[in-house]
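> coordinates only, no sequence provided:
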């Protein structure tokens, strides 16, 4: 007779299965943010910068790009801060994939985590239905920004998953 395996602890996104809309949106976004950092953790600096596809996409580049995306949506759009006040890499444009010689996996992950924390603090000042001007769309709500950021982050986590599998065979949310 085999002993059944104990169920793994609930993940943060599972803990809000009956949560409020905001709790669910925040938990899913934070879950994907953390998986992105895990995807780049444990690889060498060289592996993190290695291009395995024709585009500029690399494991390290994904983290830098998403830092710019966080700053673009939460600081530039939601908070209405000028680019000059936010600093470099706002919006996740083509230049957000280019890595400086002094950027490391650790420094990129730390900067991404700082940007995510700043995003959380900014979002906390708004209700889900609050709207702000956005150049292309006219108005966007915090709700829309959350859903967009979940989609954007999850899509890039998928890219990171494939790159990580090509790098060392690690797959899934933990590797």
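The structure has been received and is ready for your questions. As the structure is a computational prediction, the values presented were derived from the model and not from experiment.
> so where's the longest helix in this protein?
Assignment by DSSP state H gives helix 142-168 as the longest helix of the chain.
> in that helix, what's buried?
142-146, 149-150, 152-154, 156-157, 159-161, 163-164, 167 (16 or more other Cβ atoms under 10 Å). (C-beta placed from N, C-alpha, C; glycine too.)
> can you check stretch 93-112 too?
For stretch 93-112, a neighbour-count test (16+ other Cβ under 10 Å) marks 96, 97, 99, 103, 105, 108, 109, 111, 112 as buried.
> need the residues that contact it.
Surrounding stretch 93-112, the residues in contact under the criterion Cβ atoms under 8 Å, 6 or more residues apart in numbering are 33, 36-37, 40-41, 43, 45, 48-49, 55-61, 63-70, 89.
> which of these fall within helices?
Using DSSP H, the members of the contacts of stretch 93-112 that fall within helices are 33, 36-37, 40, 45, 48-49, 59-61, 63-70.
> are any of those buried, and which?
Burial of the ones in helices among the contacts of stretch 93-112 was assessed by neighbour count (16+ other Cβ under 10 Å); the buried members are 33, 36-37, 40, 48-49, 59-61, 63-70.
> helix 59-70 and the longest helix of the chain, what's the angle between them?
Calculated by axes from the mean of the first three to the mean of the last three Cα atoms, to 10 degrees, helix 142-168 forms an angle of 170 degrees with helix 59-70.
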